[in-house]
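Asker: For reference, the sequence and a predicted model appear below.
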Amino acid sequence: MSSRYSGNSRPRTKPKGWRAFLSPGWIISALLIVSFSYAAISMLAPWQLHKDDDIVARNEQITEAFERDVVPYAELFDASGQIPSSQEFFRVSLTGQYLPDSEVLLRLRPVDSGPAFQSLTPFELENGQIVLVNRGYESSEGTIVPEIEPAPSTPVTITGFARKNEGLPGSAPMEDSGYTQVYGISTEQISDVTGLDLGTDYVQVAEGEPGVLNPMPLPQMDRGNHLSYGFQWIAFGIMAPLGLGYFIWAEMRERRRDKAEREQMAELNTPEPVVETPEVVETAEPTITPAASKRRSRYGDQHRNHYEKISKRDQERF
């Protein structure tokens with residue numbers, strides 16, 4: 001019974017060395033930091049750097065497009081009305097006429113940070129090929145369709161920018177205020193809505209051209225902060241493990257300091273050995289002889305100083 005009790009009451013020793021960091025808290029922290037570093041370096045940083053590369057390539061492409069002369073539609077677009085991505089924003093000219101009865105509105109896509117409706121009007125070329133043309137936008141108040149000037153119905157020649165087709169939007173077209181409204185510039189969807197065989201890509205009308213509303217602004221040539229964001233994610237991915245290593249080092253240093261302090265306190269609390277000193281034995285007074293007793297009664301305990309008179313006599317002489 002006593003041995004069992006003494007065994008259970010034995011204090012548990014704390015893990016030493018690297019085993020001290022096998023606790024759930026340290027393990028979870030290490031896993032989170034490693035996961036963050038992996039995501040920052042392999043996912044977030046490349047995402048920002050690729051966006052920067054795309055913007056740089058687009059800016060160079062727009063600059064090149066303005067350095068080239070305007071070319072006829074047939075020289076830039078193929079028979080299916082498609083262009084390579086490297087020729088987006090190149091300037092083209094179209095001769096034919098708008099088909100205002102098949103006009104479609106792009107619904108509530110912000111322009112210059114404000115709500116707007118864009119006019120997407122098919123344009124029939126002289127050779128019979130039909131191209132979707134973005135005539136520009138009109139600002140709106142909420143979801144109310146603004147007044148949109150109709151496109152001219154007479155033959156015209158317009159200049160615009162070649163644009164790539166967008167993907168199919170997630171929402172279906174709707175009818176409102178007398179217009180068919182869509183949520184994306186998808187020539188495939190608009191072909192189904194209008195019943196026309198449209199070219200794959202479309203043209204964005206330039207400022208000052210016949211039928212244009214408020215011209216759609218071209219992308220800003222500003223590069224943005226994506227490059228610096230990419231470098232920041234790389235830096236975060238490197239600093240996070242370094243920070244974990246610092247905290248581990250600080251924890252180990254603190255543990256060593258606590259251990260040294262405990263050892264010092266243990267030394268101070270250790271009792272010093274007791275040195276036994278021999279007891280002083282009181283001795284009996286010496287036996288006094290009758291002669292000594294007679295002399296003590298006459299002169300006391302003091303011994304007679306035979307030189308005292310001689311010393312006094314010498315002092316009186318000198």
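Answerer: Done, it's in.

Asker: name the element residue 204 belongs to?
Answerer: Using DSSP states H and E, residue 204 sits within strand 198-205.

Asker: Okay, now the sheet partners of that strand, with direction.
Answerer: Counting by DSSP bridges, the strands paired with strand 198-205 are strand 130-139 (parallel), strand 156-163 (antiparallel).

Asker: how about the ones you listed in CSV, adding mean pLDDT and distance to residue 260?
Answerer: Bear in mind the C-beta positions are built from the backbone N, C-alpha and C, glycine included. Shown next, in CSV, are the strands paired with strand 198-205 (pLDDT from 0 to 100; distance: least, C-beta to C-beta, whole Å):
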stretch, mean pLDDT, distance to residue 260
strand 130-139, 96, 74
strand 156-163, 96, 73
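
Asker: Nearest to residue 250 among those would be which one?
Answerer: strand 156-163 (57.4 Å; C-beta to C-beta).

Asker: Tell me which residues are up against the closest one.
Answerer: Under the contact criterion C-beta atoms under 8 Å, 6 or more residues apart in numbering, strand 156-163 has outside partners 65, 70, 76-77, 83, 87-98, 123, 133-134, 185, 201-206, 209-212, 218.

Asker: need the contact list for the residue nearest the centre of the chain.
Answerer: The centroid of the chain falls nearest to residue 233 when counting by C-alpha atoms, centre = their mean (6.4 Å). Counting by C-beta under 8 Å, 6+ apart, residue 233 touches 40-41, 44-45, 48.

Asker: Quick check: it is in a helix.
Answerer: Yes. When DSSP: H, G, I helix; E, B strand; the rest coil is applied, residue 233 is found to be in a helix.

Asker: Relative to residue 42, how far out is it?
Answerer: Relative to residue 42, residue 233 is positioned 10 Å away (C-beta to C-beta, to the nearest Å).

Asker: Then residue 74?
Answerer: 46 Å.

Asker: Of the contacts of residue 233, which belong to strands?
Answerer: Using DSSP state E, no member of these sits in strands.

Asker: Any stretches of this structure with poor pLDDT?
Answerer: Within the chain, the segments meeting pLDDT under 70 span 1-21, 270-318.

Asker: all strands of it, in order?
Answerer: In the chain, the strands defined using DSSP E lie at 71-72, 91-98, 104-106, 116-125, 130-139, 156-163, 174-176, 179-182, 198-205.

Asker: could I get those strands as CSV with distance to residue 254 and mean neighbour count?
Answerer: Compiled in CSV, the strands of the chain are given as follows (distance: least, C-beta to C-beta, whole Å; neighbours: other C-beta atoms under 10 Å):
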stretch, distance to residue 254, mean neighbour count
strand 71-72, 73, 14
strand 91-98, 69, 20
strand 104-106, 63, 22
strand 116-125, 61, 23
strand 130-139, 63, 23
strand 156-163, 63, 19
strand 174-176, 66, 11
strand 179-182, 65, 19
strand 198-205, 65, 24
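
Asker: Adding distance to residue 243, write those out as TSV.
Answerer: Below are those laid out as TSV (distance: least, C-beta to C-beta, whole Å):
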stretch	distance to residue 243
strand 71-72	57
strand 91-98	53
strand 104-106	48
strand 116-125	47
strand 130-139	49
strand 156-163	47
strand 174-176	52
strand 179-182	50
strand 198-205	49
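
Asker: and of the ones you listed, who's closest to residue 56?
Answerer: Nearest of the strands of the chain to residue 56, taken as C-beta to C-beta: strand 156-163 at 19.3 Å.

Asker: So residue 59 sits against residue 218, correct?
Answerer: No. At 10.4 Å, residue 59 does not count as touching residue 218 under the criterion of C-beta atoms under 8 Å.

Asker: And residue 202, how far from residue 120?
Answerer: With distances taken as C-beta to C-beta, residue 202 is found 8 Å from residue 120.

Asker: can you give me the helices in the stretch 151-300 of the chain?
Answerer: 187-194, 226-269, 290-299 (DSSP state H, counting those that start in this stretch).

Asker: most packed of the ones you listed?
Answerer: Per-stretch averages of neighbours, counted by mean count of other C-beta atoms under 10 Å, single out helix 187-194 among the helices of the stretch 151-300 of the chain, with a mean of 18.

Asker: Please state the offset of it from the chain centre?
Answerer: Average the C-alpha atoms of helix 187-194, do the same for its chain, and the two points are 42 Å apart (C-alpha atoms, centre = their mean, to the nearest Å).

Asker: circling back: can you list residues touching both of residue 202 and residue 120?
Answerer: With C-beta under 8 Å, 6+ apart, residue 202 and residue 120 have common neighbours 132-134, 185.

Asker: Between all of these, which two are separated the most?
Answerer: Longest distance between any two of the shared contacts of residue 202 and residue 120 is 10.8 Å, between 133 and 185; criterion C-beta to C-beta.

Asker: Now the common contact residues for those two.
Answerer: 120, 202.
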